[in-house]
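# What shape does this take:
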Amino acid sequence: MSSIAEWGNKLYTGKKSYPFIQKWRLWFSIAAIVLLVAVGITVARGGFNFGIEFRGGSEFTVSSVQNTDPTVGEQAVTDVVAEVEATATNIAPGTMRVQTEELTDDQTLEVASNLQEAYQVSANDVTSSFVGPTWGEAISQQMLIGLVIFIVLVTVLMAIYFRTWKMSLAAVLGLFYVVALTVGIYGATGFEVTPAAIIGFLTILSYSLYDTVVVFDKIRENTANMDENTVRTFREMVNLAVNQTLVRSITTSIVGILPVGSILFIGAGLLGAGTLRDISLSIFVGIIVGTLATLFIQAPLYALLRGGEDKVKNHDRRVLNLREETGLRPEDVTEEQITTA
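Below you'll find the model as predicted:
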């Protein structure tokens, strides 16, 4: 614990620093490559693996099941309709969900009977229903409306709070990347996109924004009295803020990942609560991507957006000239000495 505290103290005072801002080209290149790879794999796979709510089809629910092997349910369907692809999921202890393409009434009755025999349950334990794609389309439409409203409110509120539209723009662009990469990972890995996953995508926006606000608030604090700081350039002040909040970002992410990971790996994986998998999976991936985006995309992007301002250029020129004359480096002074250096 003492070593972690010492590490955090060195980060806060600037004695130790990681080049989040200085190596922005490397981070942006990696981010672009990862996104392109995810999109490329998604396209190669034929697009997203949409759930039955979006594509429509027949759904069977089998209760009081002793053997929750998915292949049993899938085989029961293909034995009746060989050309139809079936997906069986253990959605709760003793309960299986089997989804297929839309079946005729006769095929539905035959599949229900076959599932009854395959899982050795009574006829009352097997229910069937048809899910139309219009429900999924309505969910998608509402999601887009909610996303637009969220982005507009976030942009306005952050611009008012931080008193600069450039910080707001950097935050919003980072949010778009978080959603794009999370969705891309879903498509590349073949995870099923369901309404629960859509809810998860929207949820990670708020979580990612929380971490962004924490980091940006420290950036604003460090750069508020820029003219008084004769030791660090603007980018170095921004980089210091990211390093100062690094421990908090990591800790917050771990605290967020632990309960979501428990739901995902224990609830959905070990206990078979499949209904929890989609939303917990999207949040789990989104938390990781959101934290990385704040450190490697949003903060560097803000530094770039402000780098062309005359005020920033004049300040950096003055700092570099003074540094050349005195040989004074940021790591040679404490924060208390900065304003008097």
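
# just for this protein, where's the confidence low?
Counting by pLDDT under 70, the chain contains low-confidence residues at 1-2, 133-136, 267-275, 327-341.

# which residues in it form strands?
49-50, 57-62, 87-92, 95-100, 126-131, 192-193 (DSSP state E).

# Figure out which of the ones you listed is closest to Gln22.
strand 192-193 (37.8 Å; C-beta to C-beta). The way it works is simple: take the backbone N, C-alpha and C, and place the C-beta from them, glycine included.

# any idea how far that closest one is from the chain center?
The chain centroid and the centroid of strand 192-193 are separated by 15 Å under C-alpha atoms, centre = their mean, to the nearest Å.

# Tell me the strands beside it, with direction?
strand 49-50 (parallel) (DSSP bridges).

# Which residues does the partner strand contact?
Gly136, Tyr186, Gly187, Gly190, Phe191, Glu192, Val193 (C-beta atoms under 8 Å, 6 or more residues apart in numbering).

# okay, now the second one: neighbour count?
Applying other C-beta atoms under 10 Å, we find 23 residues neighbouring Tyr186.

# circling back to that earlier point, pull the most distant pair out of the contacts of strand 49-50.
Gly136 and Gly190 (18.0 Å).

# Distance to Thr155 added to the contacts of strand 49-50, as CSV?
Output for the contacts of strand 49-50, formatted as CSV (distance: C-beta to C-beta, whole Å):
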residue, distance to Thr155
Gly136, 28
Tyr186, 26
Gly187, 27
Gly190, 34
Phe191, 30
Glu192, 32
Val193, 26
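
# Show me how to select, in ChimeraX, the buried members of those residues.
Those of the contacts of strand 49-50 that count as buried under 16 or more other C-beta atoms under 10 Å are selected in ChimeraX with:
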select :136,186,187,191,192,193
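
# Is Ile21 in contact with Arg235, as I believe?
Yes - with contact defined as C-beta atoms under 8 Å, Ile21 reaches Arg235; the gap is 4.8 Å.

# Show me the common contact partners of the two, please.
Ala303.

# Looking at those two, which has the bigger crowd around it?
Ile21 (29 against 20).

# what sits against the residue nearest to that one when sequence neighbours are not counted?
Closest residue in space to Ile21, ignoring its immediate chain neighbours: Asn239 at 4.1 Å, by C-beta to C-beta, 6 or more residues apart in numbering. Taking C-beta under 8 Å, 6+ apart, we find Asn239 in contact with Ser17, Tyr18, Pro19, Phe20, Ile21, Gln22, Ala299, Ala303.

# Nearest residue to the spatially most central residue of the chain in space, ignoring adjacent ones along the chain?
Computing the C-alpha centroid of the chain and ranking residues by C-alpha atoms, centre = their mean puts Gly286 first, at 1.6 Å. Excluding the flanking residues, the one nearest Gly286 by C-beta to C-beta, 6+ apart is Ile204, at 2.8 Å.

# check contacts around that neighbour.
Here Ile204 is in contact with Val178, Val179, Thr182, Ser282, Ile283, Val285, Gly286, Ile287, Val289, Gly290 (C-beta under 8 Å, 6+ apart).

# What of Gly132?
By C-beta under 8 Å, 6+ apart, the neighbours of Gly132 are Gly56.

# What ranges does the stretch 101-250 of the chain have for its helices?
Ranges of helices within the stretch 101-250 of the chain are 105-119, 133-162, 165-189, 195-223, 234-244, 246-261, based on DSSP state H, counting those that start in this stretch.

# Can you lay out the ones you listed as JSON lines showing distance to Glu83?
Shown next, in JSON lines, are the helices of the stretch 101-250 of the chain (distance: least, C-beta to C-beta, whole Å):
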{"stretch": "helix 105-119", "distance to Glu83": "11"}
{"stretch": "helix 133-162", "distance to Glu83": "20"}
{"stretch": "helix 165-189", "distance to Glu83": "25"}
{"stretch": "helix 195-223", "distance to Glu83": "28"}
{"stretch": "helix 234-244", "distance to Glu83": "55"}
{"stretch": "helix 246-261", "distance to Glu83": "39"}
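
# quick one: which of those is nearest Gln75?
helix 105-119 (7.0 Å).

# which helices and strands sit right next to that closest one?
For helix 105-119, the elements it packs on are strand 57-62, helix 70-78, strand 95-100, strand 126-131, judged by 3 or more C-beta pairs under 8 Å, 6 or more residues apart in numbering; DSSP states H and E.
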